[in-house]
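**Q** fold the following.
(chains A and B)
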Amino acid sequence: MLDLRVIRDDPDRLRASQRARGESIDVVDELLAADEARRSSLAEFERLRGEQKVLSKEIPHASGEEKQALLARAKDLAAAVKAAQAAADDAQVRLDELAMVPSNIVLDGVPAGGEQNYKVLREVGTAPELDKVRDHLELGEGLRAIDTERGAKVSGSRFYFLTGVGAQLELGILNLAMKTAVDAGFTPVITPTLVRPEVMAGTGFLGAHADEIYRLERDDLYLVGTSEVALAGFHANEIVDLDAGPLRYAGWSACYRREAGSHGKDTRGIIRVHQFHKVEMFIYCREEDAIAEHERLLGWEEQMLAAVEVPYRVIDVAAGDLGSSAARKFDCEAWLPSQSRWMEVTSTSNCTTFQARRLGIRERSGAGPRTVATLNGTLGTTRWIVAILENHQRPDGSVAVPTALRPYLGGVEVLEPVVPTRR
RNA sequence: GGAGGCGUCGCCUAGUCCGGUUUAUGGCGCCCGCCUGCUAAGCGGGUUGAGGUUCACCCCUCUCGCGGGUUCAAAUCCCGCCGCCUCCGCCA
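**A** Model (predicted):
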């Protein structure tokens, strides 16, 4: 949700943003009209209500015929107040609905256009030179680390078991991510993965991407696709204290995604799955600090990628490919040797005040409470196993363990295949 | 799942039975001022949030967990919901 006062004062900013995203600009004028309708109907209600209150106070002091006359007038007025209130409420509801329509205003510098119009900011590391490339599933099966056949047997397609070193590898990635976050001053949090509708809506996930989300109809709860949802809801309807600096949380949770629109895409292995684990950074800060915090989030992500020694590039995602809440988004994409392409492994969004306004998250400032900014970023997920296995594979199907992960695998330097891999 | 209790402006609290003199009481904390070598104490004032209006000050409306209803008038009466606590049952 956007700040109506900004739209009122500078509607062209929203028009430019909508254009960059490839979204409707008509909504701007509709919004301005609805706002005007709301204000005039509200003024009428308040005028009548004020009159009613004055009259109502005279009644106990009156008596006899005078009182009867006052009562009669008051009764008429009560009906008028009720009607005016209904009109004002309707206008408010219409405005509220419209206000939820536009996506966040993109920041200056964000590339315009769609998914293909991203800008590459940098490439770090070099792709391994491999004569014979095994993909992560072949490697993972050889190591008895990944079992997608039994995953499908038990839960269906896009489910999997991580076994042995596979389970250890996932825990290693997540624990290293948590350690990185805690060392950077984040508060570690284990979050709920089922949330109420208003929290899901508040984070902006029930718009265009509603099909992606699992819903438990009997209980009116949603399964989260990221702990961002719970961490954003954590301070919902609160006035937080940012005097000591931004609030930084690192959430560890399972994540659930329906992958409704991705039939036939990434069907092999564990690149695109219905359930995985993730450590997610989440920041509440002052609006003016958001851009700097965003850079920091990207920095911690790159620190993690460096630690697992995987080549990657950083892209500045184009306006049309941003989520509705994001004003800017940087993705880190790891090199995927088996497909000779880049694969998203982290994503960090600056949501400015968009989420916080919907969720009622404010801070105290000299001029009274004001809405905070929220940001999020990935620090590690199950998918990282894919990038690590493929980039650290060796000709015999074994996989070198990056130094930073060795403590989480009992000090082992190389993961050896349990059965010879076929080729 | 059943029974009971509770929810008031940062925290605590009065008011709710019996609707109007409540612009919601008082204390703590916090902020400003006065006083005082300094500090403390003391004295005076301020201190929920949202919206409207305005250059600004002022003023107005809403806000007593949330949403409805009754009434000229609701913190107060009625209905529904949510959250927390206690006990019982069931499950682990």
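
**Q** and the residue of the stretch 251-400 of chain A found nearest RNA strand B, what is it in contact with?
**A** Closest approach between the stretch 251-400 of chain A and RNA strand B, counting by CB to the nearest atom of the strand: A:Pro369, at 3.9 Å. (Each C-beta comes from the backbone N, C-alpha and C, glycine too.) Residues in contact with A:Pro369 (CB atoms under 8 Å, 6 or more residues apart in numbering) are A:Ile239, A:Arg362, A:Glu363.

**Q** 10 Å instead, please
**A** Residues near A:Pro369 by CB atoms under 10 Å, 6 or more residues apart in numbering: A:Ile239, A:Val240, A:Gly360, A:Arg362, A:Glu363.

**Q** of these, which is the most crowded?
**A** Neighbour tally across those (other CB atoms under 10 Å): the maximum, 22 neighbours, falls on A:Glu363.

**Q** what bridges to that one?
**A** Beta-bridge partners for A:Glu363, by DSSP bridges, are A:Val240, A:Arg370.

**Q** ok, it to A:Arg370 distance?
**A** Taking CB to CB, to the nearest Å as the measure, A:Glu363 falls 6 Å from A:Arg370.

**Q** what do these two both touch?
**A** Taking CB under 10 Å, 6+ apart as the contact rule, A:Glu363 and A:Arg370 both touch A:Ile239, A:Arg286, A:Glu287, A:Ala356.

**Q** touching, the last one and A:Glu287? I think so.
**A** Going back to what we said before, that points to A:Ala356. Yes: applying CB atoms under 10 Å, one finds A:Ala356 in contact with A:Glu287, separated by 9.2 Å.

**Q** between the two, tell me which one has more neighbours.
**A** A:Ala356 (26 against 14).

**Q** now do the contacts for the residue of the stretch 201-350 of chain A found nearest RNA strand B.
**A** Going by CB to the nearest atom of the strand, RNA strand B is nearest to A:Ile239 of the stretch 201-350 of chain A, at 6.7 Å. Neighbour list for A:Ile239: A:Gly360, A:Ile361, A:Arg362, A:Glu363, A:Arg364, A:Pro369, A:Arg370, A:Val372 [criterion: CB under 10 Å, 6+ apart].

**Q** what is the burial count for the last one?
**A** A:Val372 has 29 neighbouring residues, counting by other CB under 10 Å.

**Q** setting aside sequence neighbours, what's the nearest residue to the residue nearest the centre of chain A?
**A** Geometric centre of chain A, nearest residue: A:Glu228, 5.2 Å, by CA atoms, centre = their mean. In space, not counting the residues next to it along the chain, A:Glu228 is nearest to A:Asn376; the distance is 4.5 Å by CB to CB, 6 or more residues apart in numbering.

**Q** before we move on, what about A:His277?
**A** A:Thr382 (5.3 Å).

**Q** could you do A:Glu30 as well?
**A** A:Leu98 (5.8 Å).

**Q** the one you found belongs to a strand, doesn't it?
**A** No: per DSSP: H, G, I helix; E, B strand; the rest coil, A:Leu98 lies outside any strand segment and is helix.

**Q** number of nearby residues for A:Ala232?
**A** Neighbours of A:Ala232 (other CB under 10 Å): 30.

**Q** who's in contact with it?
**A** A:195, A:199-200, A:202-205, A:226, A:249, A:251, A:282, A:284, A:325, A:351, A:355-356, A:358-359, A:361, A:374, A:376.

**Q** what helix or strand is it on?
**A** helix A:228-234 (DSSP states H and E).

**Q** and that helix, does that touch RNA strand B?
**A** No: using CB under 7 Å from any atom of the strand, helix A:228-234 stays clear of RNA strand B, with a minimum separation of 13.0 Å.

**Q** next one: that helix to chain centre, how far?
**A** 9 Å (CA atoms, centre = their mean, to the nearest Å).

**Q** any idea of the mean pLDDT for that helix?
**A** The average pLDDT within helix A:228-234 is 90.

**Q** with adjacent residues omitted, what lies nearest to A:Val182?
**A** A:Pro188 (5.7 Å).

**Q** the one you found reaches A:Tyr249, doesn't it?
**A** Yes: using CB under 10 Å, A:Pro188 is in contact with A:Tyr249, at 7.9 Å.

**Q** who's more crowded, those two?
**A** Ranked by neighbour count (other CB under 10 Å), A:Pro188 and A:Tyr249 place A:Tyr249 first, with 22 against 13.
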